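**Q** next one to model:
(one chain, ligands or ions: 1)
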Amino acid sequence: MRLIFLGPPGVGKGTQAKLLSQRYGVTHISTGDVLRSEMARGTPLGSKAAEYIRKGLLVPDALVVEVVVRAMNGAPKGFFLDGFPRTLEQARALDGYLQTSGIQVEGVVHLRLGLDEIVRRLTARRNCAGCGELYNTLTKPPRSAGRCDGCGGTLSQREDDTEAVVRKRLVVYEDLTRPLVTHYKSAGGSLFYEEVDGSLPVEGVTQKLVEVLERCCVPKPTFSRPPAL
Ligand code: AP5
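**A** Now for the predicted structure:
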C-alpha cells in the first residue's frame, strides 16, 4: 500500500499516518520527523533545514527529495508519505521516481480542517523527547503535566508551533502546497483522491480513513467456484 497524506499543518497527518502504518504494516515516512532527527543529530542537512523550519518556511526541494527517495527505497512493503510532496516541484520529482522505479502510489487522502482549529491544535501540541509520542494539552493531555505517560520522558513544544510561526506555515501552505490539491484531484488514471474531515475526534478520522483504504486499496478476497463433482 502506497499513499500520500495531504493537508495543512496540524490537521492530523502524522497522528493518522502513524496509526494506519501500524495497522497495515507499511512504513510511515514523515519528512518533518526525518528533518527534525537530522537537526537533533547536528548533521549538515539538519543545520541547513533548521534555518527554514524555525521560520516556518519550506526546506529546499532538492534536499527533501533526496531524503524521501532514500526512505522510499527502504520501504519495500509500502509507505505512507506524510508531509511530502509539498510543492509542485516535489510532486514532479515523485512522479519521476515512481516512473523510473516502476512503483505505483495508489492514492491521495486529503485531510481538511479550519484555520482556527489548526492554530488551537498546534499551539497545544507537545512531543515526548524520549519516545516521540504526541500529546495535546487540550485534546490529549498527559496524566502528569510535562511527562510522557509511556516512557516518562520530558514533553516539549516544537519551536515552529508558536502562534506566529504556525500562521506563517499556513500562508506557505496556501501558496505552495494547496495547488497540489488541484494537481492530484485532476491526476486521473488509477490514482484515487479522497477528502476526509479532519475535525472529527482522532478515532473518527481513523475510521473514515480505514473505510477509504478498505474501499480503494485493500484487495478483496476472491472466491473461485469449487470444481463440479
Ligand atoms: P511537518 O512536521 O511535516 O509539519 P506539518 O506538515 O506542518 O504538519 P504537523 O506535523 O505540524 O501536523 P500534522 O498534520 O502531522 O498533525 P499532528 O498529527 O501532529 O514539517 C515541519 C517543517 O519541516 C515544515 O514547516 C518545513 O519547514 C519542513 N518540511 C517538512 N516536509 C517538507 C517538505 N516536503 N518540503 C519542504 N520542507 C518540509 O496533530 C497536531 C496536533 O493535534 C497534535 O497535538 C495531535 O495530538 C492533535 N490532533 C491530531 N488529530 C486530532 C484530532 N482528530 N482531534 C483533536 N486533536 C488532534
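**Q** what residues does the residue nearest the centre of the chain make contact with?
**A** By Cα atoms, centre = their mean, the chain has its centre lying nearest to residue 82, at 2.0 Å. Neighbouring residues of residue 82 by Cβ atoms under 8 Å, 6 or more residues apart in numbering: 5, 13, 14, 17, 28, 29, 30, 31, 32. Quick note: C-beta positions are derived from backbone N, CA and C, even for glycine.
**Q** so what pLDDT did it get?
**A** pLDDT for residue 82: 98.
**Q** quick one: it from residue 156, how far?
**A** Using Cβ to Cβ, to the nearest Å, one gets 21 Å for the distance from residue 82 to residue 156.
**Q** residue 6 now?
**A** Separation of residue 6 from residue 156 (Cβ to Cβ) stands at 27 Å.
**Q** what about those two, which has more around it?
**A** residue 6 (26 against 12; other Cβ atoms under 10 Å).
**Q** so that one bridges to which residues?
**A** As for beta bridges, residue 6 partners with residue 110 under DSSP bridges.
**Q** that one is in contact with residue 178, isn't it?
**A** No. Contact between residue 6 and residue 178 fails when scored by Cβ atoms under 8 Å: they sit 9.5 Å apart.
**Q** name the residues of this protein found near the ligand, please.
**A** Residues of the chain lying close to the ligand by Cβ under 6 Å from any ligand atom are 9-15, 31-32, 35, 52-53, 56-59, 64, 83-84, 86, 90, 121-122, 125, 134, 136, 139-140, 160, 169, 200-202, 205.
**Q** just the ones of those in helices?
**A** 13-15, 31-32, 35, 52-53, 64, 90, 121-122, 169, 202, 205 (DSSP state H).
**Q** nearest residue to the closest residue to the ligand within the chain other than its sequence neighbours?
**A** The nearest approach of the chain to the ligand comes at residue 32, 1.9 Å away (Cβ to the nearest ligand atom). Distance criterion Cβ to Cβ, 6 or more residues apart in numbering; nearest residue to residue 32, sequence neighbours excluded, is residue 83 at 5.0 Å.
**Q** tally of neighbours for the one you found?
**A** For residue 83, the count of nearby residues is 23 (other Cβ under 10 Å).
**Q** these two touch, right, it and residue 31?
**A** Yes. Counting by Cβ under 8 Å, residue 31 is a contact partner of residue 83 at 4.4 Å.
**Q** okay, residue 54: pLDDT?
**A** 96.
**Q** which PyMOL command selects the buried ones in the ones in helices among the residues of the chain next to the ligand?
**A** Only the buried entries of these go into this PyMOL selection, using 16 or more other Cβ atoms under 10 Å:
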select buried, resi 13+14+15+31+32+35+52+53+64+90+121+122+169+205
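**Q** closest to residue 215 out of the ones in helices among the residues of the chain next to the ligand?
**A** Comparing those against residue 215 with Cβ to Cβ places residue 205 closest, at 15.9 Å.
**Q** which pLDDT value belongs to the closest one?
**A** You'll see residue 205 listed with a pLDDT of 98.
**Q** and the helix or strand hosting residue 71, what's buried?
**A** Taking DSSP states H and E as the criterion, residue 71 maps to helix 61-73. Using 16+ other Cβ under 10 Å as the test for burial, helix 61-73 gives 61, 64, 65, 67, 68, 71, 72.
**Q** kindly report the same for stretch 31-47.
**A** Residues of stretch 31-47 classed as buried: 31, 32, 33, 34, 35, 36, 38, 39, 45, 46 (neighbour count, 16+ other Cβ under 10 Å).
**Q** and these as CSV, adding pLDDT?
**A** Listed next are the buried residues of stretch 31-47 as CSV, based on pLDDT from 0 to 100:
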residue, pLDDT
31, 97
32, 95
33, 94
34, 94
35, 95
36, 93
38, 94
39, 94
45, 95
46, 95
